[in-house]
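coords please:
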Amino acid sequence: MRQIVLDTETTGLDWRNGDRVIEIGCVELLNRNLTGRHYHVYINPERGIDAEAVAVHGITEEFLVDKPKFRDVAGEFMDFVRDSELVIHNASFDVGFLDHELSLLGHPKLGAMCSGVIDTLKMAKELNPGKKASLDALCDRFEIDNAARTLHGALLDAELLAEVYLAMTRGQESLMMLLDDEPGMDSLDASGSPIQRPPLRVLRPSADELAEHDRVLQDIVKANKGACLWIPPVPAEEAPVA
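All right, here's what the predicted structure looks like:
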């Protein structure tokens, strides 16, 4: 399984307003292992950069004057990500910008050349409702050293995100390995017969534990303003009339 962890920096917040990509950083995962292969490039956007954006990533127009245009690097970028699954934090932002850059040159969008996109921002919010889900917050949660991240940078952020993604999905990996594995020698006794294991003991929650669980759920509901998967939407005919 080949995955590309990807990040971009841009001239501003919205490609619809003419903002462009100025940096792309990618690192490669193969079967959930960092291979050491990466793709990194700075890009001359042929336009100005918003002051607010410079404050975030520190990349100036002067620095990008002699850098290649996107049309000069599009081929090598597409070759690097083609047929991979992309892992991106706040994927709609980066995908929107890159799809726009590719479409300006008549190239297919990322969805046509990649096998899918994993949005780690969405994943983090689903795993920990109500908690901060920025890259810095996730690095703190999973004890990943981000001391070098004084400014946003596409390659550094992609490297950090790869570590965060692997940490977030480590339990899933163990579960899939357990499901995929056939019974091995540890399932047999010395004579080669199946080991008879005692039935699992099921512990039921007490009334106090159920009440505490309900309290935590209510806190999550408040933090998410009611947008929780376990709360079914109210049918239109039953919704209160203003």
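
what residue ranges in the protein are flagged as low confidence?
Low-confidence segments of the chain, defined by pLDDT under 70: 150-151, 171-200, 230, 232-242.

can you tell me the centre-most residue of it?
Taking C-alpha atoms, centre = their mean, the centroid of the chain lies closest to residue 120, which sits 2.2 Å from it.

gap between it and residue 159?
13 Å (C-beta to C-beta, to the nearest Å). (C-beta placed from N, C-alpha, C; glycine too.)

can you check residue 167 too?
Going from residue 167 to residue 159 by C-beta to C-beta gives 13 Å.

the longest helix in the protein is where?
helix 207-223 (DSSP state H).

and that one, how far out from the chain middle?
Its chain's C-alpha centre and that of helix 207-223 lie 28 Å apart, by C-alpha atoms, centre = their mean, to the nearest Å.

name the residues that touch it?
129, 130, 205, 228, 230, 231 (C-beta atoms under 8 Å, 6 or more residues apart in numbering).

what about 6 Å?
The contact list for helix 207-223, computed with C-beta atoms under 6 Å, 6 or more residues apart in numbering, reads 129, 130, 228.

give me the number of residues near residue 123?
Residue 123: 18 surrounding residues under other C-beta atoms under 10 Å.

swap in residue 202?
5.

likewise the one 3 residues further on?
One way to gauge burial is a neighbour count; for residue 205, by other C-beta under 10 Å, it gives 10.

go on, residue 131?
Residue 131: 13 neighbours (other C-beta under 10 Å).

the closest residue to it other than its chain neighbours is in what secondary structure piece?
The spatially closest residue to residue 131, leaving aside those adjacent along the chain, is residue 137, at 7.4 Å (C-beta to C-beta, 6 or more residues apart in numbering). Assigned by DSSP states H and E, residue 137 falls within helix 135-141.

just the C-alpha atoms of that helix, please, in CSV.
The C-alpha trace of helix 135-141 is given here as CSV (Å, rounded to 0.1, in the frame of the first residue of the first chain):
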residue,chain,number,x,y,z
LEU,A,135,-1.4,19.7,13.6
ASP,A,136,0.4,21.2,16.7
ALA,A,137,-2.3,19.9,19.0
LEU,A,138,-2.1,16.4,17.5
CYS,A,139,1.7,16.4,17.9
ASP,A,140,1.3,17.2,21.6
ARG,A,141,-1.4,14.5,22.0
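
I'd like to know which elements the following helix or strand past it is packed against.
Sequence-wise, the next helix or strand downstream of helix 135-141 (DSSP H and E) is helix 154-168. Applying 3 or more C-beta pairs under 6 Å, 6 or more residues apart in numbering; DSSP states H and E, we find helix 154-168 packed against strand 2-10, strand 21-30.

for the ones you listed, which one sits closest to residue 111?
Closest to residue 111 of the helices and strands packed on helix 154-168 is strand 2-10 (C-beta to C-beta; 13.7 Å).

which residues does stretch 118-137 contact?
87, 89, 90, 91, 138, 165, 220, 223, 224.

one more time with 10 Å
Residues from elsewhere that reach stretch 118-137 (C-beta atoms under 10 Å, 6 or more residues apart in numbering): 3, 5, 7, 85-95, 138, 140-141, 144, 146, 149, 152, 157, 160-162, 164-165, 168-169, 171, 217, 219-224, 227-229.

tell me how far it lies from the chain's centre.
For stretch 118-137, the separation from the chain centroid amounts to 8 Å (computed by C-alpha atoms, centre = their mean).

and it, which residues are buried?
118, 119, 120, 121, 123, 124, 125, 129, 133, 135 (16 or more other C-beta atoms under 10 Å).

end to end on it, go ahead and measure it.
Length of stretch 118-137, first residue to last, C-alpha to C-alpha, to the nearest Å: 19 Å.

who's in contact with residue 24?
With contacts defined as C-beta under 10 Å, 6+ apart, residue 24 is in contact with 6-9, 39-43, 70, 73, 77, 80-81, 94, 97-98, 101, 154-155, 158.
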